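Attaching a predicted model along with its sequence, questions to come.
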Amino acid sequence: MILDLQKASMWKRISAFLFDGIMLSIVAVLFAWLLSVALGYDVYSARVDEAYARYSEEYGVDLTMSLAEYESISAEESTRLDEAYAALSADHEALYAYNMMIRLTIVIVSIGILLAFILTEFTVPLLLGNGQTIGKKVFGICLMGTDMVKIRPVQLFIRTVLGKYAVETMIPVLIVMMILFGVIGIVGPIVLFGLLLLEVIVCAVSGKRAFIHDLPAATVAVDMGSQMIFDSKEAMIAYKEKMHAEKVAKQPY
């Protein structure tokens, strides 16, 4: 083992990230499906689909047409389409079901991803030790504090929930959802690009190759095979004092 900081290579970190990302996505989808069943998402979705089909048939239009299709319809069809949307908007039951779909989508996605992070990026590393996810275990990477002390559960929780989930994942996800719902315009892509640029800058300027999620937790990814990790600061200080004493003892008088 080497006392100096043995940072994990970027390629190892990227490989572990991709591996863990696949695992996280699978788990998040599973949790999202369970939540959608428990919260009755399909009931509201079916009501919205039924309302769209009913008003489409009643007014002889397609309420699900794309923008390209809309631009090619006649003035008469455009008028009937406006009337169909007006009738749909006046249907309180359909409007309520649609609003519930949006709210449940946000809740299901947010909680599903959170539970996936807690399982794969917090619980599993606690069980494996040294902050190792399955991907980090496969590629020989582990986590420790920037003080070279074994990562603590509080640090791991901050890194996972505050860094990875809240900042690096949910902010982009919510922006994308707002773009899809038509709530936000050009500001959304600008913010997404800004976050990506910030991540690159943090990684580039950090001497420890840290990402945003490493900063609040004061953690660093290191090579498991060569990095010396201490159980406590006291153990690290004692080791340094021992090494210093041995070095002094070897020096000639």
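Now that the structure is in, tell me what you want to look at. Numbers count the residues shown, from 1 in each chain.

can you pull the contacts of L81?
59, 61, 63, 70, 73 (Cβ atoms under 8 Å, 6 or more residues apart in numbering). Where you see a C-beta, it was placed from the backbone N, CA and C, and this is true even at glycine.

Go again with 7 Å.
V61 (Cβ atoms under 7 Å, 6 or more residues apart in numbering).

and after whatever helix or strand S25 lives in, which helix or strand comes next?
According to DSSP states H and E, S25 maps onto helix 10-39. Using DSSP H and E, the helix or strand that follows helix 10-39 in sequence is helix 41-59.

Please enumerate the helices of this protein.
Taking DSSP state H as the criterion, the chain carries its helices at 10-39, 41-59, 67-71, 75-90, 92-117, 124-128, 134-138, 153-157, 171-180, 187-205, 233-250.

For the residue most central in space within the chain, which non-adjacent residue is closest in space?
Per Cα atoms, centre = their mean, the C-alpha nearest to the average position across the chain is that of T169, at 2.9 Å. Nearest non-adjacent residue to T169, counting by Cβ to Cβ, 6 or more residues apart in numbering: I113, 6.2 Å away.

got it, and A51?
That would be A94: by Cβ to Cβ, 6+ apart, it lies 3.6 Å from A51.

from memory that neighbour sits against E50, does it?
No: the criterion here is Cβ atoms under 7 Å, and A94 misses it with E50 at 8.2 Å.

which of those two has more neighbours?
Per other Cβ atoms under 10 Å, whichever of A94 and E50 has more neighbours is A94, with 21 against 13.

picking up where we left off before, and the residue nearest to T169, what is it in contact with?
28, 165, 169-170, 173.

got a list of what the residue nearest to A51 touches?
Neighbour list for A94: 47-48, 51, 88 [criterion: Cβ under 7 Å, 6+ apart].

try S232
Contacts of S232 (Cβ under 7 Å, 6+ apart): V149.

So what does it look like in phi/psi?
Dihedral pair for S232: phi -160, psi 170, per degrees, to the nearest 10.

With K150 as the reference, measure out to it.
For S232, the distance to K150 (Cβ to Cβ, to the nearest Å) stands at 8 Å.

partner residues bridging D223?
For D223, the beta-bridge partners under DSSP bridges are I141.

Tell me how far it lies from A68.
52 Å.

Same check on M101?
M101 is 25 Å from A68, by Cβ to Cβ.

Of the two, which one has the most company?
M101 (17 against 7).

The more buried one contacts R47, correct?
No: with contact defined as Cβ under 7 Å, M101 does not reach R47; the gap is 8.8 Å.

So D62 is in contact with Y55, correct?
No: between D62 and Y55 there is no contact under Cβ under 7 Å: 10.5 Å.

So which of the two has more stuff around it?
The neighbour comparison of D62 against Y55 (other Cβ under 10 Å) goes to Y55, with 20 against 16.

need the contact list for the more buried one.
Y55 sits next to 63, 84, 87-88 when contact means Cβ under 7 Å, 6+ apart.

By neighbours, which of these wins?
For the contacts of Y55, neighbours were counted using other Cβ under 10 Å, and A84 has the most, 21 neighbours in all.

how close does that one sit to N99?
A84 is 19 Å from N99, by Cβ to Cβ.

How many residues are close by K240?
Neighbours of K240 (other Cβ under 10 Å): 12.

any chance of the helices of the chain in a markdown table, plus distance to D4 and mean pLDDT?
Listed next are the helices of the chain as a markdown table, based on distance: least, Cβ to Cβ, whole Å; pLDDT from 0 to 100:
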| stretch | distance to D4 | mean pLDDT |
| --- | --- | --- |
| helix 10-39 | 18 | 94 |
| helix 41-59 | 52 | 92 |
| helix 67-71 | 58 | 79 |
| helix 75-90 | 66 | 89 |
| helix 92-117 | 31 | 94 |
| helix 124-128 | 24 | 94 |
| helix 134-138 | 20 | 94 |
| helix 153-157 | 21 | 95 |
| helix 171-180 | 35 | 84 |
| helix 187-205 | 21 | 78 |
| helix 233-250 | 12 | 80 |
